[in-house]
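S.K.: Below are the sequence and a predicted model for it; my questions follow.
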Amino acid sequence: MSERLAEWARDHYLGPVVTLGEWMTYQPPKVGGKPSFALTGPSAPPAPTPHASAQHVATFAPPPRVASMAGKPLPGEGVWRVLDTVNGQPAVYGTYVRASRVYSSYVSGIVSMNQSLVRFELRPGGEDPGPGNWHASDYIRPGTRRGLVATFNSGFKISSSDGGFFLNGARSGTLTRGVASVVYYRDGHIAIGVWDRTVRMSPDVVGVRQNLHLIVQQGRVPSAVDNNVETSWGATLGGGYYVWRSGMGITKDGRVIFVYGPALNVRELAELLRHAGVVTGMELDINPAWMSFMYYQHSQTAHPKPVNMLPTQVQPPDRYFYPSSRDFTAVYAR
């Protein structure tokens with residue numbers, strides 16, 4: 001209800017009222033301290049060791065440990081654990097990492113998804129992009145949950161994203177040349193790049209979600225992430241640089257990385273992606289009301305159990321079991 005009310009208000013010229021409320025509730029991050037939860041985290045039941053070629057084993061093995069950006073790592077920090085398996089193979093890994101020596105009590109969640117084992121679907125939101133001939137539901141309906149591995153938030157409101165939205169032949173806004181874009185293909189894999197330069201329209205494209213500009217390019221973080229943070233990278237609660245942010249990227253070997261967490265500036269978000277192996281990455285949505293990553297236990301049953309990757313996220317784990325006001329991504333086992 002709060003999501004839909006905020007979206008309705010912004011769409012009916014009441015954006016300043018919503019922004020005022022956000023400013024009044026903003027609390028700057030505290031300096032120092034320790035996380036409020038253990039960074040070891042639960043894991044899925046162990047999967048059998050793959051019996052295949054060395055290349056196959058390398059593909060399904062855990063990614064390299066992610067270095068803490070806060071100094072000496074805490075127990076479990078940066079260590080990947082299996083969140084879900086597909087056909088007995090680890091398909092989704094997750095870990096917790098602190099992004100700052102200054103705000104050392106805040107923890108970000110990082111997820112690595114293997115595209116050879118999972119497929120990605122773009123879903124519309126009831127308010128954004130709103131009603132349309134999308135041929136897709138704005139939530140994960142009963143009867144369509146078997147094989148559901150993960151769900152996560154998308155980008156800014158389309159009117160603020162500098163780009164557009166495309167799904168199953170329908171559009172909202174304009175697909176804009178030069179804008180960072182997640183491209184969803186008919187076979188279930190995704191690519192991330194710059195529209196009409198490194199990614200473009202083709203008969204195999206079923207979805208495109210654009211949002212701002214790349215924050216990781218060729219494995220490097222561009223200096224642009226430090227420029228005009230409040231105007232170029234989203235209106236933040238209280239006008240602060242350090243807020244909840246999310247992003248996603250692609251590694252050299254094609255894994256999809258999702259990162260989100262509190263008290264992040266744009267550079268820290270980009271560095272988290274880069275530390276996780278991303279060579280091409282982009283920011284998604286910001287501010288606590290929109291952040292969510294859920295993985296699903298018992299995903300091969302008709303009633304998988306949603307679990308929040310970060311226990312500190314505002315959204316409940318079953319968020320996408322009900323109509324969503326914003327577009328999002330659903331991840332299924334292949």
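M.R.: All right, it came through fine.

S.K.: in terms of contact, does residue 274 touch residue 216 like I think?
M.R.: Yes - counting by C-beta atoms under 8 Å, residue 274 touches residue 216, with 5.5 Å between them. Heads up, the C-betas are built off the backbone N, CA and C, glycines and all.

S.K.: Could you list the low-confidence segments of the stretch 1-150 of the chain?
M.R.: Within the stretch 1-150 of the chain, the stretches with pLDDT under 70 are 1-13, 15, 18-26, 44-60.

S.K.: still on that earlier bit, okay, and the common contacts of residue 274 and residue 216?
M.R.: Common contacts of residue 274 and residue 216 (C-beta atoms under 8 Å, 6 or more residues apart in numbering): residue 281.

S.K.: More neighbours: which of the two?
M.R.: residue 216 (28 against 18; other C-beta atoms under 10 Å).

S.K.: what's the nearest residue to residue 224 if we skip its chain neighbours?
M.R.: residue 213 (6.8 Å; C-beta to C-beta, 6 or more residues apart in numbering).

S.K.: Contacts only, for that neighbour.
M.R.: Applying C-beta under 8 Å, 6+ apart, we find residue 213 in contact with 162, 178-180, 194, 224, 282.

S.K.: any idea how far it is from residue 195?
M.R.: Using C-beta to C-beta, to the nearest Å, residue 213 is found at 10 Å from residue 195.

S.K.: Quick check: neighbours shared by those two?
M.R.: Counting by C-beta under 8 Å, 6+ apart, the residues touching both residue 213 and residue 195 are 178-180.

S.K.: The residues you listed into JSON lines, with extra columns for secondary structure?
M.R.: Below are the shared contacts of residue 213 and residue 195 laid out as JSON lines (DSSP: H, G, I helix; E, B strand; the rest coil):
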{"residue": "178", "secondary structure": "coil"}
{"residue": "179", "secondary structure": "coil"}
{"residue": "180", "secondary structure": "strand"}
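
S.K.: Which of those has the largest number of neighbours?
M.R.: residue 180 (28 neighbours).

S.K.: Quick one, grab the pLDDT at the residue nearest to that residue when sequence neighbours are not counted.
M.R.: Nearest residue to residue 180, sequence neighbours excluded (C-beta to C-beta, 6+ apart): residue 282, at 3.9 Å. Here the pLDDT value assigned to residue 282 is 98.

S.K.: could you dump the host helix or strand of residue 282 to PDB, C-alpha only?
M.R.: Following DSSP states H and E, one finds residue 282 within strand 278-286. Taking Å, rounded to 0.1, in the frame of the first residue of the first chain, the C-alpha atoms of strand 278-286 are listed here in PDB:
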ATOM      1  CA  VAL A 278      32.100  -7.500 -12.600                       C
ATOM      2  CA  VAL A 279      33.500  -6.200 -15.800                       C
ATOM      3  CA  THR A 280      30.300  -4.300 -16.900                       C
ATOM      4  CA  GLY A 281      27.900  -3.000 -14.200                       C
ATOM      5  CA  MET A 282      25.200  -0.500 -13.600                       C
ATOM      6  CA  GLU A 283      23.300   1.100 -10.700                       C
ATOM      7  CA  LEU A 284      19.600   0.000 -10.200                       C
ATOM      8  CA  ASP A 285      17.200   1.500  -7.700                       C
ATOM      9  CA  ILE A 286      18.100   3.400  -4.500                       C
END
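
S.K.: for that strand, packing partners?
M.R.: With contacts taken as 3 or more C-beta pairs under 8 Å, 6 or more residues apart in numbering; DSSP states H and E, strand 278-286 sits against strand 180-185, strand 190-194, strand 214-217, strand 243-251, strand 256-264, helix 266-275.

S.K.: Run the angle between the next helix or strand after that strand and strand 243-251 for me.
M.R.: On the C-terminal side of strand 278-286, the closest following helix or strand by DSSP H and E is strand 293-297. With axes from the mean of the first three to the mean of the last three C-alpha atoms, to 10 degrees applied, the angle from strand 293-297 to strand 243-251 works out at 60 degrees.

S.K.: now what about strand 293-297, what contacts it?
M.R.: Contacts for strand 293-297 (C-beta under 8 Å, 6+ apart): 44, 83-84, 92, 94, 109, 111, 145, 148-153, 246, 258, 260, 304-310, 313, 317, 319-320.
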